[in-house]
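Colleague: next one to model:
(one chain, ligands or ions: 1)
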Amino acid sequence: MNNIVVFASGTGTNFQAIIDAIERGEIVDTRICGLIAGKPGIQAIERAHRNSIPVHIIEKSQHPDSEDFSNRLLETLEYLEPDLIVLAGYLQKIPPKIIEVYEGRIINIHPSLLPKYGGEGFYGHHVHKAVLDNDEAMTGCTVHYVTEEYDQGAILQQRQVPVHPDDTPESLSKRVSREEHKVLPQVIENLLHNKN
Ligand code: GRF
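Modeller: Purely as a prediction, here's the structure:
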């Protein structure tokens, strides 16, 4: 049985897509052994509760000392023993120590065709607004390994979606999200079961 730990800071629709894919048997022999929530009160926590997934809330603001924050994450992960860590809308930077210990076992989903529209400040609405401001014909999403720099690790999978002339950041976000919810579970299944 593979253990996945999901990190989330918001609505958790990608977290839900992983839950649903396990439920449907599209990710086999796997359970989500914990949600690490970046803050309390987020919708991702409700989703975890509804699915009996243990929640660990670890707030950066409660751990101003970065080593303290890193140790808190590390001890939680050591307890959860993940085979794979999935960042699904997690807004904090992952401390170097965690990346060192779990190298090659941390992935992230990003709502653009990286390397375009990646890096600090490019999250959520900001990504889609920049895509529209630059009159891009296509956008999409990327699943990639996590390294110490935002959005720079090796790319595992990308999916394209068209940008329509009347799109708003919200309409574009919805189209990209639909693709995210398909690609993320597929990448997880492939990684856990060594498929290409
Ligand atoms: C997604 O667009 C993902 O690409 C980005 O954060 C968003 C999370 O959305 N990293 P949700 O919380 O999964 O709904």
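
Colleague: my guess is Glu136 contacts Val163, does it?
Modeller: Yes. Assessed by C-beta atoms under 8 Å, Glu136 is found in contact with Val163 at 5.4 Å. Glycine gets a C-beta too; all of them are placed from N, C-alpha and C.

Colleague: residues from this structure in reach of the ligand?
Modeller: 8, 10-15, 88-89, 109-111, 141, 180 (C-beta under 6 Å from any ligand atom).

Colleague: tell me which of these fall in strands.
Modeller: Assigned to strands by DSSP state E, the following of the residues of the chain next to the ligand qualify: 8, 109-110, 141.

Colleague: what ranges does this protein have for its helices?
Modeller: Along the chain, the segments classed as helices by DSSP state H run 13-23, 43-50, 66-80, 96-101, 125-133, 169-192.

Colleague: just those helices: most buried one?
Modeller: Greatest average neighbour count among the helices of the chain goes to helix 13-23 (a mean of 20), per mean count of other C-beta atoms under 10 Å.

Colleague: that one packs against which elements?
Modeller: Contact partners of helix 13-23 among helices and strands, from 3 or more C-beta pairs under 8 Å, 6 or more residues apart in numbering; DSSP states H and E: strand 2-8, strand 30-37, helix 43-50, helix 169-192.

Colleague: which residues touch the shortest one?
Modeller: Counting by C-beta atoms under 8 Å, 6 or more residues apart in numbering, the neighbours of strand 2-8 from elsewhere in the structure are 14-15, 18, 29-38, 42, 44, 77, 80-90, 188, 192.

Colleague: need phi/psi at Glu59.
Modeller: Dihedral angles of Glu59 (phi, psi; degrees, to the nearest 10) stand at phi -90, psi 130.

Colleague: pretty sure it sits against Pro40.
Modeller: Yes. Glu59 is within contact range of Pro40, at 7.4 Å (criterion: C-beta under 8 Å).

Colleague: more neighbours: these two, which one.
Modeller: Using other C-beta atoms under 10 Å, the more surrounded residue of Glu59 and Pro40 is Glu59, with 14 against 9.

Colleague: could you dump the helices of the chain into TSV with mean pLDDT added?
Modeller: Converted to TSV, the helices of the chain look like this (pLDDT from 0 to 100):
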stretch	mean pLDDT
helix 13-23	98
helix 43-50	98
helix 66-80	97
helix 96-101	96
helix 125-133	97
helix 169-192	98
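
Colleague: residue in this protein nearest to the ligand?
Modeller: Closest to the ligand within the chain is Gly89: 2.6 Å, counting by C-beta to the nearest ligand atom.

Colleague: what's the pLDDT at that residue?
Modeller: We have a pLDDT of 95 for Gly89.

Colleague: what's the neighbour count on it?
Modeller: 24.

Colleague: so what's the closest residue to Lys129 other than its chain neighbours up against?
Modeller: Leaving aside its sequence neighbours, Lys129 sits nearest to Pro169 (C-beta to C-beta, 6 or more residues apart in numbering; 4.8 Å). Neighbour list for Pro169: 125, 128-129, 132 [criterion: C-beta under 8 Å, 6+ apart].
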